[in-house]
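> Fold the following, please.
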Amino acid sequence: MSEGTPAAGEAAAVADQAAREQLRYLRGSIDNLDAALVHLLAERFKCTQQVGELKARHSLPPADPAREAAQIERLRRLAEDARLDPAFAEKFLNFIIDEVVRHHKAIAKQNNR
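Presented below is the predicted three-dimensional model:
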């Protein structure tokens, strides 16, 4: 049968429908994972907020470069084990660390008023 026959058209439609269903399923999984990531990040930031408050009360610096470097190395190893690009994992953690340090500086500034 050639591409122009009705049977070929029906087969293409079935394949297209199957692809759309698979795409819908995969996107649903992605949406669920995105929601989980947001909730995990929220929980992480609740903890780092407490760390920032503790640091401010005890006049500790907002950043801890040694801890940050150790965490980056740890995350790179975890990424490798999970077959995730370690450079991507490092960029992601650096973004989070930058945000946490920014929060810690703001908390320290509030406490010094």
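> what's the next secondary structure element after the helix or strand of the chain with the lowest mean pLDDT?
For the chain, the helix or strand with the lowest mean confidence is helix 6-57, at a mean of 92 (criterion: mean pLDDT, DSSP states H and E). Later in the chain than helix 6-57, the nearest helix or strand by DSSP states H and E is helix 65-81.
> what sits up against that next one?
With CB atoms under 8 Å, 6 or more residues apart in numbering as the test, helix 65-81 has contacts from 85, 86, 88, 89, 90, 93, 94, 97. Glycine gets a C-beta too; all of them are placed from N, C-alpha and C.
> For the residues you listed, could you give me a markdown table that also reports secondary structure and pLDDT?
Below are the contacts of helix 65-81 laid out as a markdown table (DSSP: H, G, I helix; E, B strand; the rest coil; pLDDT from 0 to 100):
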| residue | secondary structure | pLDDT |
| --- | --- | --- |
| 85 | coil | 98 |
| 86 | helix | 98 |
| 88 | helix | 98 |
| 89 | helix | 97 |
| 90 | helix | 97 |
| 93 | helix | 96 |
| 94 | helix | 97 |
| 97 | helix | 96 |
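> Tell me the spacing between the residue nearest in space to the middle of the chain and residue 55.
Closest residue to the average C-alpha location of the chain: residue 37 at 5.7 Å, with CA atoms, centre = their mean. Per CB to CB, to the nearest Å, residue 37 is found 26 Å from residue 55.
> Check residue 109 too.
Between residue 109 and residue 55 the distance is 12 Å, computed by CB to CB.
> The two: who's more crowded?
Neighbour count, other CB atoms under 10 Å: between residue 109 and residue 55, residue 55 has more, with 18 against 11.
> For the more buried one, give me its contacts.
Contacts of residue 55 by CB under 8 Å, 6+ apart are 61, 62, 104, 107, 108.
> if you set the cut-off to 10 Å instead, what comes out?
61, 62, 63, 64, 104, 107, 108, 111 (CB atoms under 10 Å, 6 or more residues apart in numbering).
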